[in-house]
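S.K.: pasting the sequence and the predicted coordinates here, then a few questions.
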Amino acid sequence: MIDLSVNLCGVTLPTPLVLASGIWGSAAGTMIRLARNGAGAVTSKSCSLEPRAGHPNPTVLDWGCGLINAVGLSNPGAPAERDVLRETKAGLIPLGVPLIASVFANTREGFRRVVEIVAEAEPDFIELNISCPNVESEFGQPFALDPAAAAGVMDTVRHAYSGRVLVKLSPNAPNIVQVARAVADAGADGLTAVNTLGPGMLIDVRARWPVLSNLVGGISGAALHPIAVRCVYELAAAIDLPIIGTGGVSSGEDAMRMLMAGATAVGVGSALHSRGPNAFRLILGELEQLMREEGYSRLDEFRGCAHV
């Protein structure tokens, strides 16, 4: 009997796979559908205090080795998002699948205010997205690149909200472990590692112009995976906090690799583009088969084993 359940900050997830924050987390119906298809937890698309239109199309491109995107954090704003979260939570409770509400802001006070609004929907976790790489021209340097700035956001939120808080870190940080230590000391309950890498750029050689309307965007998918695994490995070795290992996970082997690096759970995002809405079921089936082949019945039997 294979047991795929996970304990994340005291909350049970029926499977280790977590829908990563992104366009698949925009609507309650989609998030509930993915929970029925094998997601152990779902993360909503990041929301801000006020509505954002995001960047004009084209915003996402599959370039063969992954995705490059500059959606620009489009969202309806915290009050409208609160209603989406309430509807999602109601649909997830019968399935036993937790809800993670992702938020972002360009100031510490902005984070506090948006957290207070979405908290009214009673999500199981709130994820602080301090690391989006494709809005730097608007917001300035991401908080996730500086330990003091990251800790300041976490400290401000912790004084206003006592629930479970995850902090989403950046692979671009000069020292991701220092940032993680800073947010841990400020009261974070867990980490999401990592956000997209970049920003990067692709040029259409016939149009002689960058493909994305924003010119640059974050890199996700297969190209990010080895970097994400390294980040999770370093964090697990240094920080005693649960980690949702995220970045380029599209197969059962990718998921097992993240867990062996020390992740508590595994985020899935770009795989929904390449494998469709059944990606969670497919990845879980491959993970179970690998576990049988290697003689494992529980995730704890190999979690973090790459450190030994």
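M.R.: That came through fine. All figures in this text were calculated on a predicted structure; none of them were measured in a lab. Numbers count the residues shown, from 1 in each chain.
S.K.: rest of the way, CA atoms for contacts and neighbours
M.R.: Will do.
S.K.: tell me the helix or strand right after the one helix or strand in the chain whose mean pLDDT sits lowest.
M.R.: Using mean pLDDT, DSSP states H and E, helix 136-139 stands out as the lowest-scoring helix or strand of the chain, at a mean of 68. Heading C-terminal from helix 136-139, the first helix or strand you meet, by DSSP states H and E, is helix 147-160.
S.K.: the next helix or strand after that following helix pairs with which strands, and in what direction?
M.R.: For helix 147-160, the following helix or strand on the C-terminal side (DSSP H and E) is strand 165-168. Partners of strand 165-168 in the sheet, by DSSP bridges, are strand 125-129 (parallel), strand 190-193 (parallel).
S.K.: do you know which of those lies nearest residue 209?
M.R.: strand 125-129 (30.1 Å; CA to CA).
S.K.: what residues sit buried inside stretch 19-32?
M.R.: 19-28, 30-32 (16 or more other CA atoms under 10 Å).
S.K.: how far is that stretch from where the chain is centred?
M.R.: 12 Å (CA atoms, centre = their mean, to the nearest Å).
S.K.: start to end distance for that stretch?
M.R.: 11 Å (CA to CA, to the nearest Å).
S.K.: again with stretch 4-13
M.R.: 9 Å.
S.K.: tell me which residues are up against that stretch.
M.R.: For stretch 4-13, the external contacting residues (CA atoms under 8 Å, 6 or more residues apart in numbering) are 14-16, 40-41, 96-98, 164, 189-190, 242, 264-265, 298-299.
S.K.: identify the residues contacting residue 201.
M.R.: Contacts of residue 201 by CA under 8 Å, 6+ apart are 68, 210, 211, 212, 215, 216, 217.
S.K.: likewise for residue 239?
M.R.: 177, 180, 181.
S.K.: same check, this time on residue 40
M.R.: 13, 14, 15, 16, 17, 18, 19, 97, 98.
S.K.: of those - the most surrounded one?
M.R.: residue 17 (30 neighbours; other CA atoms under 10 Å).
S.K.: got the residue ranges for the helices in the stretch 151-300 of the chain?
M.R.: Taking DSSP state H, counting those that start in this stretch, the helices of the stretch 151-300 of the chain run over residues 176-185, 225-238, 252-261, 271-275, 279-294.
S.K.: quick one: closest of these to residue 144.
M.R.: That would be helix 176-185 among the helices of the stretch 151-300 of the chain, by CA to CA, at 6.8 Å.
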